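**Q** Using only what follows, build the 3D model:
(chains A, B, C and D)
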2 protein chains.
Amino acid sequence: MSLKHAILVLLETEPSSGYDLMRHFKQNLGYFWNAKHQQIYQQLKTLNEEGLITCTIESQVSKPDKKVYAITPNGEAELTSWISSEVKPNKINDALLVKLYGGHLASKPNLLEELDRHITFHTTTLEKLIQIEKTYLNFPPIKQSKYLLPYLTLRRGIIGENAWLSWAKEAKSAIKK
Amino acid sequence: MSLKHAILVLLETEPSSGYDLMRHFKQNLGYFWNAKHQQIYQQLKTLNEEGLITCTIESQVSKPDKKVYAITPNGEAELTSWISSEVKPNKINDALLVKLYGGHLASKPNLLEELDRHITFHTTTLEKLIQIEKTYLNFPPIKQSKYLLPYLTLRRGIIGENAWLSWAKEAKSAIKK
DNA sequence: TTTTGCATGTAAAGGGTTACATGATTAC
DNA sequence: GTAATCATGTAACCCTTTACATGCAAAA
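**A** Model (predicted):
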């Protein structure tokens, strides 16, 4: 259960609405945490009931009202304790690999097309991450060291996507033969 | 929903009991699909009710009875149709990266210890995969080409774990500074 | 004698997806 | 006029984890 903690981490940086968090997940954190808006709104409700965050309604000009959530001292305590505890290594459930494993039931063109679709997706993701990295590398050294830890998670994305793509290349040429 | 299909893929190769499948998931497929025994037994029950698999009880000497499941023609049809359809790219939810992202709330030694724990885990996984690869590479060419697709999923594991480890190395030395 | 392996499950709770639902504003 | 962006939610269902539950055989 870490959507809870992912949200707390984001709120610890700055108070945000559910919609803000949603964008954050999509843009910045998408390569390591994903959540749908329904899940985020529900989780915010729960965290609010648990007293880990507070809610303030903000009126806006020519835009709907916003519910801005901020972390409470209790929330900070919960987050700090979680951050200091051990996390289990990630569970991997990869449907594409299940497909490949049983790929003798599909046609070769079918498999290659599917691989290409995924290659397109991963290439786009990698390009986005590289763009973000460029921004980071243009920061002055002080700002760079301030954002080192988020940058390292970005590096994980870049290294991971590169590895995925080189695997896909290998797999494609092996299947073609 | 692919535990269903992961099980069908395995049963398509050979009839197995829930316990057999569980071992299979732990040993061979653990780097791309994970499931607990409770989930497997439940899913087998469902698949049986849906008529995608059949169940035969096998008595054994000095061991408990076994329920051996086999795929039915309906199951084969379902599996073939799934294999030929598109799969969504994997959702990534990585708690360790959430922790790192908010790592300013933890101590440096704490972060490094956690990284080391995960490095140990990934190193062990990689070693196991390399052992399996060695076995494959000693197969005669005909057998190699027969098991090419499962081998490619193994390659994904090896390339992925190598990438993870080189990231972790980079992350550790960046944090130490 | 205690642990490991074989073999199977139920029940409750938690986490995540899909479908349904609304409504204003802004840009094309 | 049509699509996208902003903004929030409920309900049903599906998937996964954790806790509880049993029992024999073999090996350490």
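**Q** From here on, just use CA atoms for contacts and neighbour counts.
**A** OK.
**Q** and A:Lys36, how many neighbours does it have?
**A** If you count neighbours by other CA atoms under 10 Å in any protein chain shown, A:Lys36 ends up with 10.
**Q** quick one: contacts for the residue nearest to it when sequence neighbours are not counted?
**A** Nearest non-adjacent residue to A:Lys36, counting by CA to CA, 6 or more residues apart in numbering or on different chains: A:Met22, 7.3 Å away. With contact taken as CA atoms under 8 Å, 6 or more residues apart in numbering or on different chains, A:Met22 is in contact with A:35-37, A:40.
**Q** Is A:Met22 within a helix or a strand, and which one?
**A** Assigning secondary structure by DSSP states H and E places A:Met22 in helix A:18-27.
**Q** pLDDT of that helix, averaged?
**A** Helix A:18-27 shows a mean pLDDT of 94.
**Q** Next, the angle helix A:18-27 makes with whichever helix or strand comes after it.
**A** Using DSSP H and E, the helix or strand that follows helix A:18-27 in sequence is helix A:37-49. Using axes from the mean of the first three to the mean of the last three CA atoms, to 10 degrees, the direction of helix A:37-49 lies 130 degrees away from that of helix A:18-27.
**Q** what comes into contact with helix A:37-49?
**A** The set of residues external to helix A:37-49 that reach it, using CA under 8 Å, 6+ apart, is A:3-4, A:18-19, A:21-22, A:53-55, A:69.
**Q** out of those, which are buried?
**A** Neighbour-count burial (16 or more other CA atoms under 10 Å in any protein chain shown) is assigned, among those, to A:3, A:18, A:21-22, A:53-55, A:69.
**Q** overlap between these and the residues near DNA strand C?
**A** A:Leu3 (CA under 7 Å from any atom of the strand).
**Q** Looking at the buried ones among the contacts of helix A:37-49, which is nearest B:Tyr147?
**A** Minimum distance to B:Tyr147 across those is 38.7 Å, recorded for A:Leu3 (CA to CA).
**Q** Tell me how far that closest one lies from B:Asn110.
**A** Applying CA to CA, to the nearest Å, the value for A:Leu3 to B:Asn110 is 22 Å.
**Q** got a list of what A:Leu126 touches?
**A** Applying CA under 8 Å, 6+ apart, the residues near A:Leu126 are A:157-158, A:161-162.
**Q** So which of the contacts of A:Met22 wins on neighbours?
**A** A:Ile40 (20 neighbours).
**Q** now that residue: how far from chain B?
**A** The span separating A:Ile40 from chain B equals 14 Å under the rule CA to the nearest CA, to the nearest Å.
**Q** all strands of chain A, in order?
**A** For chain A, the strands defined by DSSP state E cover A:53-60, A:63-71.
**Q** Out of the ones you listed, which one sits most buried?
**A** Greatest average neighbour count among the strands of chain A goes to strand A:63-71 (a mean of 17), per mean count of other CA atoms under 10 Å in any protein chain shown.
**Q** what's the spacing between that strand and its chain's center?
**A** Here the centre of strand A:63-71 is set off from its chain's centre by 22 Å, with CA atoms, centre = their mean, to the nearest Å.
**Q** before we move on, what about stretch A:76-89?
**A** From the chain centre to the centre of stretch A:76-89 is a distance of 18 Å (CA atoms, centre = their mean).
**Q** hmm, it touching DNA strand D?
**A** No: Stretch A:76-89 is not in contact with DNA strand D by CA under 7 Å from any atom of the strand; minimum separation 8.8 Å.
**Q** Can I get that stretch in PDB, CA atoms only?
**A** What follows is stretch A:76-89, C-alpha atoms only, in PDB (Å, rounded to 0.1, in the frame of the first residue of the first chain):
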ATOM      1  CA  GLU A  76       4.600  13.900   8.300                       C
ATOM      2  CA  ALA A  77       5.200  11.400  11.200                       C
ATOM      3  CA  GLU A  78       3.500   8.600   9.200                       C
ATOM      4  CA  LEU A  79       5.600   9.400   6.100                       C
ATOM      5  CA  THR A  80       8.900   9.700   8.000                       C
ATOM      6  CA  SER A  81       8.300   6.300   9.700                       C
ATOM      7  CA  TRP A  82       7.400   4.700   6.300                       C
ATOM      8  CA  ILE A  83      10.400   6.200   4.600                       C
ATOM      9  CA  SER A  84      12.700   4.700   7.300                       C
ATOM     10  CA  SER A  85      11.200   1.200   7.100                       C
ATOM     11  CA  GLU A  86      12.100  -1.600   4.700                       C
ATOM     12  CA  VAL A  87      10.200  -1.900   1.400                       C
ATOM     13  CA  LYS A  88       9.700  -5.200  -0.400                       C
ATOM     14  CA  PRO A  89      11.300  -5.600  -3.800                       C
END
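**Q** So which bits of it are buried?
**A** Using 16+ other CA under 10 Å as the test for burial, stretch A:76-89 gives A:76, A:79-80, A:82-84, A:86-87.
**Q** Next, format those residues as CSV and append pLDDT and distance to DNA strand C.
**A** Rendered in CSV, the data for the buried residues of stretch A:76-89 read as follows (pLDDT from 0 to 100; distance: CA to the nearest atom of the strand, whole Å):
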residue, pLDDT, distance to DNA strand C
A:Glu76, 96, 18
A:Leu79, 96, 14
A:Thr80, 96, 17
A:Trp82, 96, 13
A:Ile83, 95, 15
A:Ser84, 93, 18
A:Glu86, 94, 15
A:Val87, 94, 13
